[in-house]
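[1] Quick one, what's the 3D model for this:
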Amino acid sequence: MEEGVLQLKGVTYRHSVYAPLPLKPWRRIKGPGIFDTNLTLQKGTILGLVGPNGAGKTTLLRIMAGILPVHSGRVHSGNGEVMLDRQQLRQRVGHMPEQVRWQGRKSVRQALLELGEMRHASEKRIDGILKLVGLNGRKDSALSELSQGMRQRLTLAVALLGSPKILLLDEPLNGLDPVGAAAFISLLKTLSEKGVSIVLSSHQVEGLSEIIDRLALMHRGHILAEGTLREVAKGLHLDSKTEIKGTGQAPHFSKYEIKDEHVEIKIHENSWTARLEQAQPRLLAKLINDGVEITEWNIRQPNVVEMLCAATGQSIEDVGLEVASTAFVPLRTFGGEEE
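    Predicted structure coming up:
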């Protein structure tokens, strides 16, 4: 089993929100947040923290970063023997918030040098980080001259100043073009190979399964499921799907002992497409033997969106994730507020 670097056990945090009354205009009550959260971070793995806006992802990251206090529950070291306070978390964790507004005529290197004093980072360490994040060629550029991708790299560089064992990234791909996003993801994989544990919070899920090692699904302040993609899909009883495209007349799948409710067929002008609810590896040979003209055949694993929909009981539209482009519900589990 992989080595754990951080454990959350029954952690709860609730935001304080205004609830004024006529005689108590400044009254506050406990509002949304995260509730009874259990999570273990593994060394050198990338954990995808996925959920719609308002799921509590940012709140959870801020607790792990030592920014917000724990109202109940505990945060432990990887072996579970040492309870960590907020100061100890700040020493172990690098936090990259969703958006940092880098402005001014100060150079990239000078900004890092000033921030590095708080982390006791040497100039040699800072120059090494600039090379690592791909900013060495822009180290003398003014902050105001940086593109969105360069600003994201600079924010990541700041998070790396203290040589953290854990890196928390809040929507790190926001505003990046495909080329910039690919370069950023390559950098994250390099860091994970060096043993850094990474938590990547996102509501943009296209291609996420190719980046992460593990997945945690969040909704309404709860972690509904956590594990490898295969473990999460199995726990939610999601099967692989068979996607078929062909020309000519569409076959009658009932002939192959496949029930109609397990097949979705769309007829086009000169072709047809079908989606079967289960993997059917032996079906292809049968169709070809019967003379069915197949142009495409794909057995697709459940994607992140389907997993979150299955966990929450909501449709894709209700979940509101960004794919290729909130009401209370019963929570399904197996085994807040967000800015």
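
[2] What count of nearby residues applies to Q87?
    A total of 8 residues lie near Q87 under the criterion other Cβ atoms under 10 Å. Glycine gets a C-beta too; all of them are placed from N, C-alpha and C.

[3] hang on, it packs against G66?
    Yes: using Cβ atoms under 8 Å as the test, Q87 is close enough to G66 to be in contact (6.8 Å).

[4] Mind checking what secondary structure R153 has?
    Look at R153: counting by DSSP: H, G, I helix; E, B strand; the rest coil, its state is helix.

[5] Can you point out the buried residues in stretch 96-112?
    Using 16 or more other Cβ atoms under 10 Å as the test for burial, stretch 96-112 gives 96-98, 102, 107-109, 111-112.

[6] Kindly export it (C-alpha atoms) in CSV.
    The C-alpha trace of stretch 96-112 is given here as CSV (Å, rounded to 0.1, in the frame of the first residue of the first chain):
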residue,chain,number,x,y,z
MET,A,96,-2.0,27.6,-5.0
PRO,A,97,-5.3,29.6,-4.8
GLU,A,98,-7.6,29.9,-7.8
GLN,A,99,-6.6,33.4,-8.8
VAL,A,100,-3.7,35.7,-7.8
ARG,A,101,-3.6,39.1,-9.4
TRP,A,102,0.1,39.7,-10.2
GLN,A,103,0.5,43.4,-11.0
GLY,A,104,3.3,46.0,-11.0
ARG,A,105,6.7,46.7,-12.5
LYS,A,106,8.5,44.4,-10.1
SER,A,107,10.3,41.5,-11.8
VAL,A,108,9.3,37.9,-11.5
ARG,A,109,12.5,37.0,-9.7
GLN,A,110,12.3,40.0,-7.4
ALA,A,111,8.8,39.1,-6.4
LEU,A,112,9.9,35.5,-5.6
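
[7] give me every residue that touches the closest residue to I67 other than its chain neighbours.
    Spatial nearest neighbour of I67, excluding adjacent residues (Cβ to Cβ, 6 or more residues apart in numbering): H95 at 7.2 Å. Listed by Cβ atoms under 8 Å, 6 or more residues apart in numbering, the contact partners of H95 are 61-62, 65, 67, 159, 168, 170.
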